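Asker: I would like the atomic coordinates for the input below:
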Amino acid sequence: MADEVAQPPAAGGPVDLTAVLDAWPECARVLSLSGEILHINPAGEALVELPLDRVRGRSWPLLWPPESRGPMQDAIAEAGSGKVGRFRGVCLSHNGNRLWLDTVVAPVRDAAGQIVNLLAVSRDISDAMESQAFLESLVRLLPNPILAKNARDGRYVLINQAAEEAFGLSSAQAIGKTAHQLFPQNEARGFAQEDAEVVASRTTRVSEEEPITTRAGVRYFTTKKFATYDGDQALHLVTLGEDVTERREAGAALRNALAEAEQANRAKSEFLANMSHEIRTPLNGIVAGADMLARARLEPRARELVQIIASSAANLERLLSDILDLARIEAGRIAIEETTFHLGELVRTTAALARLQADEKGVALEVEVAPDVDRPFHGDPHRIRQVLQNLLSNAVKFTEKGSVAVSAAMQGPGVRVTVRDTGIGFRAETKDRLFHRFHQADGSITRRFGGTGLGMTISRELVELMGGVLDAEGREGQGAAFWFDLPLRRAETVEAVHEAVHAEAPDRPLRVLLADDHPTNRKVIELMLEDLAELVSVENGAEALMALGTDVFDLVLMDMQMPVMDGLEATRRIRETQAAAGQAPIPVIMLTANALPEHVAASRAAGADLHLEKPVTLTGLIEAMNDVLAAEDGVTAQAV
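Answerer: Numbering: from 1, shown residues only. Below is the predicted model:
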């Protein structure tokens with residue numbers, strides 16, 4: 001047969017099969033039924049890098065590495081039985097090149113139909129296999145889990161190393177199995193439903209924090225699932241995953257920590273509110289008592305002691321306000337309210353308050369307001385005044401001799417207010433500490449001049465809340481300058497504001513109902529109003545309602561925090577009762593040690609006409625009474 005294949009065709013005879021094979025561009029071999037090589041074409045010689053005379057008669061399987069011989073022998077046997085055998089294997093060329101070949105082995109029959117030879121045709125797929133091997137290695141080594149399944153039968157065809165580790169699967173054991181064989185049935189049914197949705201929609205499905213059972217227990221994954229297609233036919237379903245269990249737990253821990261921090265912050269705010277109430281209550285007795293004594297005829301020694309008491313109480317009240325302001329800033333509960341005000345007047349009146357302290361020390365206080373800012377602006381005058389008061393107070397406190405100057409002028413698109421002094425100054429390297437809470441540039445300054453170090457912290461926070469910047473410069477022993485820039489908008493006019501007048505006693509006799517559970521507070525108000533009004537005192541809101549039901553009063557002074565019934569509930573019931581009876585509302589002043597903004601809002605919501613914080617002075621109380629009585633007279637006049 002070998003001679004027959006090698007013989008050239010006779011003239012006019014059949015086509016020379018050898019010539020056909022030699023013209024074939026791919027490796028072709030003619031084999032005996034036992035597998036010896038009878039002929040190899042030029043493409044095959046080039047592929048294996050051996051000429052025909054070197055391979056003729058040699059066993060074809062022996063030219064292949066041992067790992068490829070098994071599939072080859074199966075293909076030869078199949079061709080020998082009359083079928084077409086196929087196999088894929090690695091072949092080594094004569095020079096040691098490793099070649100991946102796809103080979104088809106077919107039977108060759110004679111005229112009688114008998115199988116007399118085998119034809120083996122091989123295609124070099126080394127480049128494709130190298131690319132495939134690279135992609136498989138890449139996919140296998142990717143850090144995120146990747147799984148692919150046959151879209152027709154749902155059997156997994158790829159599970160990379162990250163997926164093996166994430167799900168506790170073995171690729172060798174899992175390939176060829178379905179999700180129902182690898183995962184709990186409820187999860188497998190969910191996967192199947194997802195697969196159907198992806199194929200039907202031809203979109204990528206994204207799942208956030210999907211729980212999946214693994215060998216290590218339930219883990220949470222973010223997954224993306226999509227399908228590959230051959231035309232309209234889905235071929236594979238691919239799932240890309242990311243284990244987010246730790247991130248989820250970290251997020252939960254962070255949320256718990258934030259919740260605990262918020263709870264702690266609320267607890268702190270409640271504590272500060274309660275402490276404010278508890279401190280303001282006895283402070284009210286001190287301030288009011290000192291105020292009353294200051295109005296009496298006292299000998300010089302007694303008057304000096306009263307002034308010391310009043311000054312100490314004022315300092316204590318300011319410290320309490322600073323601590324509450326700081327707590328409100330930390331909790332984000334300070335609101336900046338915009339209105340129109342005259343900046344020049346604000347600077348001059350604030351400086352006038354500081355002038356008294358400066359005159360006592362013999363320190364000159366100078367004020368300079370540039371013409372272009374001596375006009376109305378939009379902003380929060382209360383907070384601006386608070387910051388300026390703090391800067392002026394510090395400047396005067398730390399200046400033993402010389403001067404303090406405050407100036408206001410335009411600075412770029414906004415306004416700059418500067419306080420400059422000739423006092424002790426500070427070292428440049430300690431400037432930042434000036435704005436840290438409870439810190440000053442030098443600890444000895446605290447011992448020498450006093451103070452908590454809260455004022456500058458609060459001032460900077462307030463300025464930043466208003467959209468500005470607070471900064472300073474100075475030299476030790478040569479004074480300092482503090483300034484704040486604010487983006488204030490110019491206004492045409494200043495809104496009409498109720499001007500405070502000198503407190504004068506009401507021009508008519510009054511009957512006043514006081515509800516307060518603290519005996520000291522009741523006694524203080526009794527002493528203040530003993531010559532101005534007839535006072536009836538009760539200890540809680542319920543008693544106040546009973547008194548209003550049986551007697552007539554011109555005014556109610558209502559504490560907020562009382563046993564049995566608090567002032568808010570009592571005020572609401574007073575308003576409901578009067579409205580139901582068609583009566584004119586009686587003026588109610590919430591006279592309380594609850595001083596936070598939410599307390600003021602609660603007073604207004606309950607129906608109080610005014611919220612007056614303790615400690616209170618006689619002047620403050622009379623002004624408050626005049627305000628609400630004047631408002632009542634105005635309403636009555638309009639009704640008439």
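Asker: and the strands in the stretch 351-500 of the chain, which stretches?
Answerer: Assigned by DSSP state E, counting those that start in this stretch, the stretch 351-500 of the chain shows strands spanning 364-369, 376-379, 403-411, 414-421, 469-474, 480-486, 489-490.
Asker: can I get these in CSV with mean neighbour count, mean pLDDT and distance to A547?
Answerer: Every C-beta, even on glycine, is put in place using the N, C-alpha and C of the backbone. Shown next, in CSV, are the strands of the stretch 351-500 of the chain (neighbours: other C-beta atoms under 10 Å; pLDDT from 0 to 100; distance: least, C-beta to C-beta, whole Å):
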stretch, mean neighbour count, mean pLDDT, distance to A547
strand 364-369, 16, 94, 51
strand 376-379, 20, 93, 45
strand 403-411, 19, 94, 51
strand 414-421, 22, 95, 50
strand 469-474, 18, 90, 51
strand 480-486, 22, 93, 49
strand 489-490, 12, 91, 50
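Asker: which one, of those, ends up nearest to N626?
Answerer: strand 376-379 (27.7 Å; C-beta to C-beta).
Asker: got TSV for the strands of the stretch 351-500 of the chain, with distance to G607 too?
Answerer: Listed next are the strands of the stretch 351-500 of the chain as TSV, based on distance: least, C-beta to C-beta, whole Å:
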stretch	distance to G607
strand 364-369	42
strand 376-379	31
strand 403-411	41
strand 414-421	39
strand 469-474	40
strand 480-486	36
strand 489-490	35
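Asker: of the ones you listed, which approaches L612 most closely?
Answerer: strand 376-379 (25.8 Å).
Asker: neighbouring strands - and their directions - for the closest one?
Answerer: strand 339-342 (antiparallel), strand 489-490 (antiparallel) (DSSP bridges).
Asker: G477: what's it in contact with?
Answerer: 424-425 (C-beta atoms under 8 Å, 6 or more residues apart in numbering).
Asker: how far away is it from D232?
Answerer: 88 Å (C-beta to C-beta, to the nearest Å).
Asker: for the stretch 501-640 of the chain, which spans come out with low pLDDT?
Answerer: Residues of the stretch 501-640 of the chain meeting the criterion pLDDT under 70: 501-503, 633-640.
Asker: oops, could you answer that again for the stretch 301-450 of the chain instead?
Answerer: 311, 315, 326-328, 330-333, 432, 436-450.
Asker: mind doing that once more with 50?
Answerer: By pLDDT under 50, the low-scoring segments of the stretch 301-450 of the chain are 438-450.
Asker: which stretches of it form helices?
Answerer: 343-361, 381-397, 443-449 (DSSP state H, counting those that start in this stretch).
Asker: and those: which comes nearest D554?
Answerer: Per C-beta to C-beta, nearest to D554 of those: helix 381-397, 30.7 Å.
Asker: what comes up buried for stretch 341-349?
Answerer: 341-344, 346-347 (16 or more other C-beta atoms under 10 Å).
Asker: over to stretch 558-566?
Answerer: 558-562, 565-566.
Asker: straight-line length of that stretch, end to end?
Answerer: Criterion C-alpha to C-alpha, to the nearest Å; first-to-last residue distance in stretch 558-566 is 9 Å.
Asker: which outside residues touch that stretch?
Answerer: By C-beta under 8 Å, 6+ apart, stretch 558-566 touches 277, 515-518, 521, 539-545, 567-568, 570-571, 588-594, 599, 602-603, 608.
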